[in-house]
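Q: have a look; sequence and predicted model below, questions after that.
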Amino acid sequence: MIELKVQAIETYLRRVYGDGVRLLGAGDIGSLNAQGMKGFGYGKPLLVRFQVGSEVREAVFSVMKGDKYGHQFYWDRAAILMFQYETSARMPRHVHPLGFGYVDGADALIPVRDPKEFFIVNEKLEGHDYFLDLERIRKSELLDRDLETAREFARWLAGVHAEKLEDPPLYSRRIRNLLGASECILGLVDEAFPRDYAFFGPDRFKTLEKRLIDWRWKLKGYAHRLSAVHGDFHPWNVLVSDDGDFSVLDRSRGEWGEPGGDLASMAVNYLLWALYDHEKLAGPFRELYLAYFSEYLERTGDTEVLEVLAPFCVFRGLVIASPEWYPDHPDPVRRRLFNFVSNVLEDQVFDWEHVNRYLE
């Protein structure tokens, strides 16, 4: 619960309206009872009366309450408040927003003024994109250090996934988002493929979606698996340095999720690179895949991940099968990727050692 002090409100008002502003009172709506300030927090509005020049004004401060319906984190709630700030005044009869901001770690109210776009500032890391290593391997040879890098990926993921959280609604949200979010499976189905696509037409997409509903209900029984995750662990989000160390970029889709999402993301990319030179997972990329997968299972002991992996393979398979993002795939490569996406859902336990049977 946030308990604001009179000084914090006055400071905010001066930041917005200038040094001449004067706070007249703050408290519950209706009574303007100052005791109401102590209860100000998530979901309880606070009425503030203040004077700017000769004009007395009133404003209502609100903080959105977190809940299990997709508002667990402050960034969830920030997105909704940003939307309200941007659009409310454009609707006739709707209350007009007077300000938008955030409460910082010292309980100060910091205004965000006239936002147009948000940005982030990150440190500069050394290294090259990991996909360049995969290109080199395809054109020349697989080195021992390449296998060690794949194993190190697995060890790093094992360490990340070791952190657990007991929050069944959050696990359900992650699975729900895997299927329904605009940047996940249904978003890809709608936007990443032409309508009446020759490789995978509407009837096959509908069949795929119906099978995924079965998997959604299956995964409801795996909420105990909720773990810390990266969320988008693929070759374009990994930087490898000359000494073989690596760093990761662009953590996505939440701090907590299903570990199988990270595991599938890199594994499916090894499959893709192999298909450019073989009709199946073979050659150096099979060695990388086996090194990565076996190291992960050995480090974590988590064979249960194989029971939940299929829909995550579908998500990553649709990404790399998309003609919008990967327009240069030869037809046989794309056809086998779609076979993989369809067939992997038919096994209740992912057969990671015989993945080629999903390609036929």
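A: Now that the structure is in, tell me what you want to look at.
Q: buried set for stretch 206-213?
A: L208, L212 (16 or more other C-beta atoms under 10 Å). For glycine as for every other residue, the C-beta is placed from the backbone atoms N, C-alpha and C.
Q: pull that stretch out as PDB, backbone CA atoms only.
A: This file holds the C-alpha atoms of stretch 206-213, laid out as PDB (Å, rounded to 0.1, in the frame of the first residue of the first chain):
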ATOM      1  CA  LYS A 206      -8.000 -24.300 -37.800                       C
ATOM      2  CA  THR A 207      -7.000 -27.900 -37.000                       C
ATOM      3  CA  LEU A 208      -3.800 -26.600 -35.400                       C
ATOM      4  CA  GLU A 209      -5.700 -24.200 -33.200                       C
ATOM      5  CA  LYS A 210      -8.200 -26.800 -32.000                       C
ATOM      6  CA  ARG A 211      -5.300 -29.100 -31.000                       C
ATOM      7  CA  LEU A 212      -3.700 -26.300 -29.100                       C
ATOM      8  CA  ILE A 213      -6.800 -25.900 -27.000                       C
END
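Q: show me the shaky parts of this structure.
A: The model of the chain has pLDDT under 70 over residues 1, 31-43.
Q: quick one: the strands in it, in order.
A: 22-27, 46-52, 55-61, 101-103, 109-111, 128-129, 227-228, 238-240, 246-248, 256-257 (DSSP state E).
Q: and the second one, what does it pack onto?
A: Under the contact definition 3 or more C-beta pairs under 8 Å, 6 or more residues apart in numbering; DSSP states H and E, strand 46-52 sits against helix 6-17, strand 22-27, strand 55-61.
Q: over to the residue of the chain positioned farthest from its centre: give its phi and psi.
A: Largest separation from the mean C-alpha position in the chain: S54, at 49.0 Å (C-alpha atoms, centre = their mean). Per-residue torsions, S54: phi -100, psi 0 (degrees, to the nearest 10).
Q: touching, A150 and L288? I think so.
A: Yes - if you go by C-beta atoms under 8 Å, A150 and L288 touch, sitting 4.7 Å apart.
Q: for G257, what are its contacts?
A: Applying C-beta atoms under 8 Å, 6 or more residues apart in numbering to G257 gives the contacts Y171, R174, L226, S227, V229, G231.
Q: circling back to that earlier point, for L359, which of the strands of the chain is the nearest?
A: L359 lies closest, by C-beta to C-beta, to one member of the strands of the chain: strand 238-240, at 25.0 Å.
Q: residues touching that closest one, excluding its own?
A: With C-beta under 8 Å, 6+ apart as the criterion, strand 238-240 contacts 125-130, 133, 149, 153, 246-249.
Q: in its sheet, what does it sit against?
A: strand 128-129 (antiparallel), strand 246-248 (antiparallel) (DSSP bridges).
Q: for stretch 69-80, measure first residue to last.
A: Stretch 69-80 has its terminal residues 13 Å apart, counting by C-alpha to C-alpha, to the nearest Å.
Q: list the buried residues of that stretch.
A: Neighbour count says stretch 69-80 has G70, H71, Q72, D76, R77 buried, by 16+ other C-beta under 10 Å.
Q: quick one: which of these sit in helices?
A: D76, R77 (DSSP state H).
Q: out of the buried residues of stretch 69-80, flag the one nearest to A274.
A: G70 (37.6 Å).
Q: contact partners for that closest one?
A: D76, R173.
Q: just I185 next, same as before
A: I185 touches L178, L179, L212, P311, V314, F315, L318, counting by C-beta under 8 Å, 6+ apart.
Q: just give me the closest of these to S342.
A: Proximity to S342 was ranked across the contacts of I185 by C-beta to C-beta; first place goes to V314, at 8.6 Å.
Q: so what's that closest one closest to, chain neighbours aside?
A: Of all residues not flanking V314 in the chain, V341 sits nearest, at 5.2 Å (C-beta to C-beta, 6 or more residues apart in numbering).
Q: and if you look at R204?
A: S342 (7.0 Å).
Q: who are the contact partners of that neighbour?
A: With C-beta under 8 Å, 6+ apart, S342 has these contacts: R204, T207, L208.
Q: burial count for the first one?
A: Residues near R204, counting by other C-beta atoms under 10 Å, number 14.
Q: and it, how far is that from V189?
A: 10 Å (C-beta to C-beta, to the nearest Å).
Q: then the last one?
A: Distance, L208 to V189, by C-beta to C-beta: 8 Å.
Q: looking at the strands paired with strand 238-240, which is buried most?
A: Most buried of the strands paired with strand 238-240, by mean neighbour count (mean count of other C-beta atoms under 10 Å): strand 246-248, with a mean of 16.
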